[in-house]
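J.: Sequence and predicted structure are below.
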Amino acid sequence: MKALSVFRLDGPEHQLVGRIVLEPATFAYDPGYLALPDACALSCSLPLREEPYSEDRLMPYFDGLLPEGTARIAQAAALNVEPDNYLMLLLRCGLEIIGDIAVTEGEPPATQGGYRPLDERNLEALFSSMGELAESNSEARLSLAGTQGKTGLAHASGATMESGWLQPRAGAASTHILKVGALPDVPFLEYLCLKTAAACGIDSPEVDLLRFGRPVLCVARYDRAVTPGGESPHVARLHQEDFAQALGVLPDAKYRELEPSTATAVANLLRTRSTRPLEDIETFARVTLFNYLVGNCDNHLKNLSLLHRPSGAGLRLAPVYDLVSTTRFDRFSRAMGMRLGGASVIDDVKADDLTKFGETIGVDRRELAEIARELAEAVTGALRAAGDEQPQFPELPYVADDLLEDMAPRLDVLDHFAT
């Protein structure tokens, strides 16, 4: 094997985008793809051009398509591949990736492998361990970035969320990401944070809590468009990239503060690449203040994404995801993944830091104060309502109460800033 082929799966015909030549690794766009009138780059960090990209340029995007940490180790073990051999890992599980990309040894991706129905016993077994999730992802040729134990499943239209689950096979598209937590409250916290974010006017995917032997968070994929019908869903893939990929940052550097600040880099990219930059920068500001409020210090570059519009119609800030209150756990760092004003540690943030944050991203203080006021007024009621929505999980209201208590000092900071 001398090269890997990269395809786009966003239309009825699989489109060859380019090839990764091995030893040394380089990536080049295919001339036929470059000639298309609606050709668009895989990533903002890999703009369209004839010249090949060296490995240091291609690695942030392609390595960024893979799992990280223990999830990567488990998937590599299931595939009998070394965890640091990212190109071989991508080849072995690169038929169902975040976005609309597929990676093969050269041949176009085969017709979708179909779906296998899963009953309750199958689902409980699937979520029993990280190894089981890795085996499932390997069978589906699926890769999901991030560190949590997760898998992609499809859901039959018309079925309840407790039933109708289908395991994709050999590259068939999933419609939902299902996650378990290494700590018991993590699925509850992410559910509460996502539901509360939606109630506070932040674009977020549909989310549910299920119990398959243990609590499982279910999140609808925003990079999939589902047309109901028949026993199996028809799923279209939408291209996306996270901000680490877009800015050419390797996954293991996702917490590194960029110069002059990571927030500035994010805002500048939105200002130059988004089709609605002012709207997306305002949303970025709202998401950042929400992360601060709920205590999500894991607000790094891979937890923000850009969604590419079809046929090269531009980019927009993607819906939020992976919102978890990390300050609820003593074991997690209180250093934020993205500095807020002059503060790196969440407990050090003051009203002046919020003013500085607004200045770095180009949002007027009065506008940012209005966003802070809206969040401060809405969050308590929204969080309590989210805690009451799942009566089959009687512990959920208590987790919501704990989260409200944890965020009380930060709510005071927002109130002070908004006045």
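T.: Perfect, thanks for sending it. Nothing here was measured: the structure is a model prediction, and the numbers come from that model. Numbering: from 1, shown residues only.

J.: Going C-terminal from the helix or strand bottoming out on mean pLDDT in the chain, what's the next secondary structure element?
T.: Least confident helix or strand of the chain, by mean pLDDT, DSSP states H and E, is strand 142-143 with a mean of 52. Downstream of strand 142-143, the next assigned helix or strand under DSSP states H and E is strand 149-155.

J.: Quick check: what element follows that following strand along the chain?
T.: strand 165-168.

J.: what's across from residue 217 in the sheet?
T.: residue 179, residue 209 (DSSP bridges).

J.: What are the contacting residues of the helix or strand containing residue 33?
T.: Per DSSP H and E, residue 33 falls inside helix 31-34. The contact list for helix 31-34, computed with Cβ atoms under 8 Å, 6 or more residues apart in numbering, reads 15-18, 39, 48, 50. Where C-beta positions appear, they are placed from N, C-alpha and C, glycine not excepted.

J.: Filter those down to the buried ones.
T.: With burial judged by 16 or more other Cβ atoms under 10 Å, the buried subset of the contacts of helix 31-34 is 15-18, 39.

J.: The contacts of helix 31-34 in strands, which ones?
T.: 15-18 (DSSP state E).

J.: I'd like to know which of these is nearest to residue 321.
T.: Within the ones in strands among the contacts of helix 31-34, proximity to residue 321 (Cβ to Cβ) peaks at residue 17, which comes in at 24.8 Å.

J.: Distance check, that closest one against residue 29.
T.: Remark: distance between residue 17 and residue 29 (Cβ to Cβ, to the nearest Å) = 6 Å.

J.: Repeat that for residue 292.
T.: 40 Å.

J.: which of those two has more neighbours?
T.: residue 292 (26 against 23; other Cβ atoms under 10 Å).

J.: Tell me if I'm right that the more buried one and residue 349 touch.
T.: Yes: using Cβ atoms under 8 Å, residue 292 is in contact with residue 349, at 6.3 Å.

J.: where do the contact lists of those two overlap?
T.: With Cβ under 8 Å, 6+ apart as the test, residue 292 and residue 349 both reach 340, 410.

J.: Export stretch 157-173 to CSV, keeping only CA atoms.
T.: Taking Å, rounded to 0.1, in the frame of the first residue of the first chain, the C-alpha atoms of stretch 157-173 are listed here in CSV:
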residue,chain,number,x,y,z
SER,A,157,-38.0,6.6,12.3
GLY,A,158,-41.2,6.3,14.3
ALA,A,159,-39.7,4.1,17.0
THR,A,160,-39.4,5.2,20.6
MET,A,161,-36.0,6.3,21.8
GLU,A,162,-35.8,3.1,23.9
SER,A,163,-36.2,0.9,20.9
GLY,A,164,-35.5,0.9,17.1
TRP,A,165,-31.7,1.1,17.4
LEU,A,166,-29.6,-0.1,14.5
GLN,A,167,-25.9,-0.8,14.4
PRO,A,168,-24.3,0.5,11.2
ARG,A,169,-22.1,-2.0,9.4
ALA,A,170,-19.1,-1.4,7.0
GLY,A,171,-19.6,2.3,6.6
ALA,A,172,-23.4,2.7,6.8
ALA,A,173,-24.2,6.1,8.3
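
J.: From the chain's centre, how far out is that stretch? Work that out for me.
T.: 20 Å (Cα atoms, centre = their mean, to the nearest Å).

J.: Stretch 43-53 too?
T.: Distance, centroid of stretch 43-53 to centroid of chain: 23 Å (Cα atoms, centre = their mean).

J.: for it, how far is the first residue from the last?
T.: 12 Å (Cα to Cα, to the nearest Å).

J.: outside of that stretch, which residues touch it?
T.: 21, 26-29, 31, 34, 39-41, 57-58, 60-61, 241, 245-248, 269, 273, 306, 315.

J.: Filter the residues you listed down to the buried ones.
T.: 26-29, 39-41, 58, 60-61, 241, 245-248, 269, 306, 315.

J.: can you give me the helices for this protein?
T.: Under the criterion DSSP state H, the chain contains helices at 31-34, 55-63, 69-79, 86-93, 120-126, 130-139, 186-199, 243-246, 262-273, 277-294, 351-361, 365-387, 396-418.

J.: what about the first one, average pLDDT?
T.: This means helix 31-34. For helix 31-34, the mean per-residue pLDDT is 96.

J.: Format the CA atom coordinates belonging to that helix as CSV.
T.: Only the C-alpha atoms of helix 31-34 are listed here, as CSV (Å, rounded to 0.1, in the frame of the first residue of the first chain):
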residue,chain,number,x,y,z
PRO,A,31,-6.8,17.4,-10.2
GLY,A,32,-10.3,16.4,-11.1
TYR,A,33,-11.6,17.6,-7.8
LEU,A,34,-9.8,20.9,-8.1
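
J.: got any ranges where the stretch 301-419 of the chain has weak pLDDT?
T.: Applying pLDDT under 70 to the stretch 301-419 of the chain flags residues 311-312.

J.: With the stretch 1-150 of the chain instead?
T.: Ranges of the stretch 1-150 of the chain meeting pLDDT under 70: 1, 11-12, 111-113, 129-148.
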